[in-house]
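Colleague: Provided below for reference: sequence and predicted model.
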Amino acid sequence: MLSIRENPQGILFKVYVQPRSSKNMIVGLHADSIKIKVTAAPVDGAANKSCLKFLAKCLSVAPSALEIVSGHHGRMKTLLLKFQKTPPSAADYAHLKKRIDRLINSTG
């Protein structure tokens, strides 16, 4: 089951990134994280940038709405999906969680 936590700035969730894939894709779940394959190599932050750009497109948010808060040098990362406005309401949390759930469920 995916670990999603509320934060004053947005929603925290984990991703497992597999670099050097043949194409960018969301594979499904890997333990308590979303498994994402990216074509970029893990050199000079290229895989991190590719992951954020790809996820932003999948979630229909600006790339600046996503931030890696931990795991910059490993495959397991914690991401922050930021709110568009502050202060957030309970509906804002629910909306972001629903976006992430749709992302997982679209992988089949």
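Modeller: Nice, I can see it. Residues are numbered from 1 along each chain as shown.

Colleague: what stretches of this structure score poorly on pLDDT?
Modeller: Low-confidence segments of the chain, defined by pLDDT under 70: 86, 107-108.

Colleague: if we go to 80?
Modeller: Residue ranges of the chain with pLDDT under 80: 84-90, 92, 103-108.

Colleague: Flag every buried residue along the helix or strand residue 97 falls within.
Modeller: Using DSSP states H and E, residue 97 falls within helix 90-105. By neighbour count on 16 or more other C-beta atoms under 10 Å, the buried set for helix 90-105 is 92-93, 96-97, 100, 103. To be clear about C-beta, it is placed using only N, CA and C from the backbone, and glycine gets the same treatment.

Colleague: nearest to residue 43, of these?
Modeller: Taking C-beta to C-beta as the measure, residue 43 sits nearest to residue 103 out of the buried residues of helix 90-105, at 26.4 Å.

Colleague: check contacts around that closest one.
Modeller: 26, 34, 55, 58-59 (C-beta atoms under 8 Å, 6 or more residues apart in numbering).

Colleague: re earlier: now tabulate the buried residues of helix 90-105 in CSV and tack on distance to residue 18.
Modeller: Output for the buried residues of helix 90-105, formatted as CSV (distance: C-beta to C-beta, whole Å):
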residue, distance to residue 18
92, 31
93, 29
96, 24
97, 24
100, 19
103, 16
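
Colleague: Among those residues, which one sits closest to residue 14?
Modeller: Nearest to residue 14 among these: residue 100, at 10.8 Å, using C-beta to C-beta.

Colleague: got the contact list for the longest strand along the chain?
Modeller: Looking across the chain with DSSP state E, the single longest strand is strand 10-18. Identification of contacts with strand 10-18 by C-beta under 8 Å, 6+ apart yields 2-6, 27, 30-38, 47-48, 51, 55, 65, 69, 75-83, 88, 93, 96-97, 100.
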